[in-house]
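>>> Structure of the sequence below:
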Amino acid sequence: MIYNPNPNAPERVIGIWRRSQATPGFWFRVIFTATLYYWLYYPRNRIELTNRRITQYLANLIGDTQVSISLQNVMEVRVYNPPLGVLLGFGDVYIQTASGSGGPEIVFKGIERPEQLKQAIFNVQDEFRRTAQIPGY
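Here you go, the predicted model:
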């Protein structure tokens, strides 16, 4: 029997086929992309805490951004842990300064051990205040 469709009938989808995820080519592309991410992006995106300042380094393929805040000016450190972040140990950190420009000056989403960073900031601030004996603190 020969299939002879009605030329006036509307077109309809019979099925959709995609490239298999079981092929070596698919997994090569996945591993290659993850490797590029790890080499180019991951090490260049971090927060660095010193005894005087906190610095956020953000990078993408076309440029880098660096934001530094003196620890004397840090007024608020907020941490948000999504449910999956509680299980896997990551969260978002929002650092606000005394300038009060409306939003946080440093926002870092998906940082590892955010509560530990928050506590470290407060510990360094307390140590600085103890040793500096700044009036008003």
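>>> going forward, measure contacts between C-alpha atoms and count neighbours the same way
Noted.
>>> what's the single longest helix in this protein?
helix 114-132 (DSSP state H).
>>> In that one, which residues are buried?
114-115, 117-118, 121, 124-125, 128 (16 or more other C-alpha atoms under 10 Å).
>>> For T33, state which of the residues you listed is nearest.
Using C-alpha to C-alpha, P114 is the member of the buried residues of helix 114-132 that sits closest to T33, with 26.7 Å.
>>> Wait, that closest one touches V79, no?
Yes. Shown here, P114 and V79 form a contact pair, counting by C-alpha atoms under 8 Å, at 6.5 Å.
>>> and for the two, which residues touch both?
91-93 (C-alpha atoms under 8 Å, 6 or more residues apart in numbering).
>>> filter those to the buried ones?
Buried among these by 16+ other C-alpha under 10 Å: 91-93.
>>> Quick one: those as TSV, columns for pLDDT and distance to A22 too.
Shown next, in TSV, are the buried ones among the shared contacts of P114 and V79 (pLDDT from 0 to 100; distance: C-alpha to C-alpha, whole Å):
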residue	pLDDT	distance to A22
G91	91	33
D92	92	35
V93	91	38
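>>> Give me the subset of these that lies in strands.
Secondary structure defined by DSSP state E assigns 91-93 of these to strands.
>>> Any chance of these in CSV with distance to V67 as columns?
Below are these laid out as CSV (distance: C-alpha to C-alpha, whole Å):
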residue, distance to V67
G91, 20
D92, 17
V93, 14
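>>> need the strands for the protein, in chain order.
Assigned by DSSP E, the chain shows strands spanning 46-49, 53-59, 64-70, 74-80, 90-97, 106-112.
>>> and those strands as a markdown table, adding distance to T23?
Listed next are those as a markdown table, based on distance: least, C-alpha to C-alpha, whole Å:
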| stretch | distance to T23 |
| --- | --- |
| strand 46-49 | 35 |
| strand 53-59 | 33 |
| strand 64-70 | 36 |
| strand 74-80 | 39 |
| strand 90-97 | 33 |
| strand 106-112 | 31 |
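>>> so which of those comes closest to I16?
Closest to I16 of the strands of the chain, according to C-alpha to C-alpha: strand 106-112, at 35.8 Å.
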